[in-house]
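A.B. asks: Sequence first, predicted model second:
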Amino acid sequence: MKRIFLIGYMGAGKTTIGRELAKELNLDFIDLDHFIQARFQKTVNQLFQDAGESEFRNIEKKMLREVGEFENVIISAGGGTPCFFDNMEYMNQSGTTVYLKASADILSARLNINKDKRPLIKDKNEEELNAFIIDSLCKREPFYSQAIVVFETGTVETKEDIDQLVQQLIKKI
(Lines give C-alpha, C1' and ligand atoms only; values in the text may rest on other atoms or scores of the structure.)
Protein backbone atom coordinates (compact mmCIF):
# COMPACT_ATOMS: atom_id res chain seq x y z
CA MET A 1 0.00 0.00 0.00
CA LYS A 2 1.39 3.34 -1.05
CA ARG A 3 0.10 6.79 -0.10
CA ILE A 4 2.04 9.91 -1.09
CA PHE A 5 1.01 13.45 -0.16
CA LEU A 6 2.44 16.27 -2.27
CA ILE A 7 2.61 19.60 -0.50
CA GLY A 8 4.01 23.00 -1.42
CA TYR A 9 3.09 26.51 -2.40
CA MET A 10 0.73 27.24 -5.29
CA GLY A 11 2.64 27.00 -8.52
CA ALA A 12 5.16 24.48 -7.15
CA GLY A 13 3.94 21.78 -9.55
CA LYS A 14 1.94 19.55 -7.21
CA THR A 15 -0.71 18.73 -9.80
CA THR A 16 1.58 18.61 -12.85
CA ILE A 17 4.27 16.51 -11.21
CA GLY A 18 1.72 14.51 -9.23
CA ARG A 19 -0.15 13.34 -12.32
CA GLU A 20 3.04 12.21 -14.04
CA LEU A 21 4.37 10.57 -10.88
CA ALA A 22 1.10 8.67 -10.48
CA LYS A 23 1.30 7.42 -14.08
CA GLU A 24 4.89 6.34 -13.63
CA LEU A 25 4.16 4.50 -10.36
CA ASN A 26 0.80 3.16 -11.56
CA LEU A 27 -1.07 4.87 -8.73
CA ASP A 28 -4.29 6.88 -8.64
CA PHE A 29 -3.99 10.67 -8.50
CA ILE A 30 -6.23 12.96 -6.46
CA ASP A 31 -6.02 16.73 -6.37
CA LEU A 32 -7.60 17.62 -3.01
CA ASP A 33 -9.02 20.91 -4.30
CA HIS A 34 -10.68 19.14 -7.25
CA PHE A 35 -12.01 16.44 -4.90
CA ILE A 36 -13.59 19.13 -2.70
CA GLN A 37 -15.03 20.93 -5.73
CA ALA A 38 -16.61 17.72 -7.04
CA ARG A 39 -18.09 16.89 -3.64
CA PHE A 40 -19.57 20.34 -2.99
CA GLN A 41 -20.29 21.31 -6.61
CA LYS A 42 -18.57 24.65 -6.02
CA THR A 43 -15.12 25.95 -6.79
CA VAL A 44 -12.71 26.44 -3.92
CA ASN A 45 -13.07 30.19 -4.55
CA GLN A 46 -16.86 29.95 -4.18
CA LEU A 47 -16.53 27.93 -0.98
CA PHE A 48 -14.11 30.52 0.40
CA GLN A 49 -16.55 33.32 -0.47
CA ASP A 50 -19.72 31.55 0.68
CA ALA A 51 -18.49 29.88 3.85
CA GLY A 52 -15.37 31.87 4.74
CA GLU A 53 -11.84 30.58 5.18
CA SER A 54 -12.49 29.00 8.58
CA GLU A 55 -15.31 26.80 7.32
CA PHE A 56 -13.40 26.00 4.14
CA ARG A 57 -10.47 24.79 6.26
CA ASN A 58 -12.84 22.53 8.22
CA ILE A 59 -14.17 21.07 4.96
CA GLU A 60 -10.61 20.65 3.68
CA LYS A 61 -9.60 18.79 6.86
CA LYS A 62 -12.54 16.38 6.55
CA MET A 63 -11.86 15.73 2.87
CA LEU A 64 -8.14 15.23 3.57
CA ARG A 65 -9.06 12.57 6.14
CA GLU A 66 -11.34 10.92 3.60
CA VAL A 67 -8.82 10.73 0.76
CA GLY A 68 -6.12 9.90 3.30
CA GLU A 69 -7.79 6.52 3.75
CA PHE A 70 -7.42 5.63 0.07
CA GLU A 71 -4.69 3.21 -0.90
CA ASN A 72 -2.18 3.32 -3.74
CA VAL A 73 -2.70 7.00 -4.34
CA ILE A 74 -0.85 10.26 -4.77
CA ILE A 75 -2.69 13.19 -3.19
CA SER A 76 -1.92 16.77 -4.14
CA ALA A 77 -2.86 18.89 -1.12
CA GLY A 78 -3.79 22.55 -1.39
CA GLY A 79 -1.01 25.02 -0.62
CA GLY A 80 -2.52 25.94 2.74
CA THR A 81 -3.60 22.44 3.77
CA PRO A 82 -0.46 21.59 5.80
CA CYS A 83 -0.76 24.85 7.79
CA PHE A 84 -4.06 24.18 9.55
CA PHE A 85 -5.16 21.90 12.37
CA ASP A 86 -2.95 18.83 12.64
CA ASN A 87 -3.04 18.20 8.88
CA MET A 88 0.73 17.96 8.49
CA GLU A 89 1.01 15.48 11.35
CA TYR A 90 -1.88 13.48 9.89
CA MET A 91 -0.28 13.31 6.43
CA ASN A 92 3.10 12.28 7.89
CA GLN A 93 1.43 9.47 9.84
CA SER A 94 -0.71 8.33 6.91
CA GLY A 95 1.88 8.18 4.15
CA THR A 96 4.96 9.80 2.67
CA THR A 97 4.86 13.58 2.49
CA VAL A 98 6.84 15.30 -0.25
CA TYR A 99 7.44 19.04 -0.14
CA LEU A 100 7.83 20.28 -3.71
CA LYS A 101 10.01 23.28 -3.00
CA ALA A 102 10.62 26.18 -5.38
CA SER A 103 12.17 29.61 -4.87
CA ALA A 104 10.00 32.70 -4.60
CA ASP A 105 11.39 33.91 -7.95
CA ILE A 106 10.43 30.68 -9.73
CA LEU A 107 6.98 30.66 -8.11
CA SER A 108 6.44 34.31 -8.99
CA ALA A 109 7.34 33.71 -12.64
CA ARG A 110 5.02 30.69 -12.85
CA LEU A 111 2.11 32.32 -11.03
CA ASN A 112 2.34 35.61 -12.89
CA ILE A 113 1.42 33.77 -16.10
CA ASN A 114 -1.94 32.46 -14.86
CA LYS A 115 -2.72 34.51 -11.78
CA ASP A 116 -6.25 35.28 -12.99
CA LYS A 117 -7.31 31.80 -11.83
CA ARG A 118 -6.10 32.44 -8.28
CA PRO A 119 -8.15 34.92 -6.22
CA LEU A 120 -5.43 35.61 -3.65
CA ILE A 121 -3.07 36.98 -6.29
CA LYS A 122 -5.13 37.99 -9.33
CA ASP A 123 -4.96 41.74 -8.66
CA LYS A 124 -1.26 41.91 -7.75
CA ASN A 125 1.44 43.37 -9.99
CA GLU A 126 4.79 41.58 -10.29
CA GLU A 127 6.37 43.36 -7.33
CA GLU A 128 3.34 42.83 -5.09
CA LEU A 129 3.11 39.19 -6.16
CA ASN A 130 6.75 38.53 -5.32
CA ALA A 131 6.39 40.21 -1.90
CA PHE A 132 3.20 38.22 -1.22
CA ILE A 133 4.91 34.93 -2.11
CA ILE A 134 7.96 35.68 0.05
CA ASP A 135 5.73 36.56 3.01
CA SER A 136 3.53 33.48 2.53
CA LEU A 137 6.52 31.14 2.19
CA CYS A 138 7.98 32.49 5.44
CA LYS A 139 4.72 31.69 7.24
CA ARG A 140 4.27 28.27 5.64
CA GLU A 141 7.86 27.00 5.67
CA PRO A 142 7.66 25.71 9.29
CA PHE A 143 4.81 23.42 8.18
CA TYR A 144 6.20 22.47 4.76
CA SER A 145 9.61 21.63 6.22
CA GLN A 146 8.04 18.87 8.33
CA ALA A 147 7.66 16.78 5.16
CA ILE A 148 9.46 13.45 5.08
CA VAL A 149 11.00 14.34 1.69
CA VAL A 150 11.99 17.85 0.60
CA PHE A 151 12.41 18.02 -3.18
CA GLU A 152 13.60 21.09 -5.10
CA THR A 153 11.56 21.41 -8.29
CA GLY A 154 13.61 24.01 -10.12
CA THR A 155 12.56 24.52 -13.73
CA VAL A 156 9.34 22.90 -14.91
CA GLU A 157 8.79 24.29 -18.38
CA THR A 158 8.85 21.34 -20.76
CA LYS A 159 7.63 17.76 -20.79
CA GLU A 160 11.30 16.71 -20.56
CA ASP A 161 11.72 18.83 -17.40
CA ILE A 162 8.71 17.14 -15.83
CA ASP A 163 9.85 13.64 -16.82
CA GLN A 164 13.32 14.30 -15.43
CA LEU A 165 11.93 15.64 -12.13
CA VAL A 166 9.60 12.67 -11.78
CA GLN A 167 12.50 10.22 -12.26
CA GLN A 168 14.59 12.09 -9.67
CA LEU A 169 11.66 12.15 -7.25
CA ILE A 170 11.06 8.40 -7.63
CA LYS A 171 14.63 7.81 -6.45
CA LYS A 172 13.98 9.89 -3.32
CA ILE A 173 10.74 8.23 -2.31
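C.D. replies: That came through, no problem.

A.B. asks: For the rest of this, base every contact and every neighbour count on C-alpha atoms.
C.D. replies: OK.

A.B. asks: Buried ones in the least confident helix or strand in the chain by mean pLDDT, by neighbour count?
C.D. replies: Least confident helix or strand, the chain: helix 104-113 with a mean of 92, by mean pLDDT, DSSP states H and E. Judged by neighbour count using 16 or more other CA atoms under 10 Å, the buried positions of helix 104-113 are 104, 106, 107, 108, 110, 111, 112.

A.B. asks: That helix: what's the following helix or strand?
C.D. replies: Per DSSP states H and E, helix 104-113 leads on to helix 126-144 as the next helix or strand towards the C-terminus.

A.B. asks: In terms of secondary structure, what does that next one contact?
C.D. replies: helix 104-113 (3 or more CA pairs under 8 Å, 6 or more residues apart in numbering; DSSP states H and E).

A.B. asks: Show me where this structure has its helices.
C.D. replies: For the chain, the helices defined by DSSP state H occupy 14-25, 32-40, 44-67, 87-94, 104-113, 126-144, 159-172.

A.B. asks: rewinding a little: could you check the angle helix 126-144 makes with the least confident helix or strand of the chain?
C.D. replies: Relative orientation of helix 104-113 versus helix 126-144 (axes from the mean of the first three to the mean of the last three CA atoms, to 10 degrees): 120 degrees.

A.B. asks: The nearest residue to residue 35 once chain neighbours are set aside - how many residues pack around it?
C.D. replies: Residue nearest to residue 35 in three dimensions, not counting chain neighbours: residue 63, with 7.8 Å by CA to CA, 6 or more residues apart in numbering. Residue 63 has 16 neighbours, counted by other CA atoms under 10 Å.
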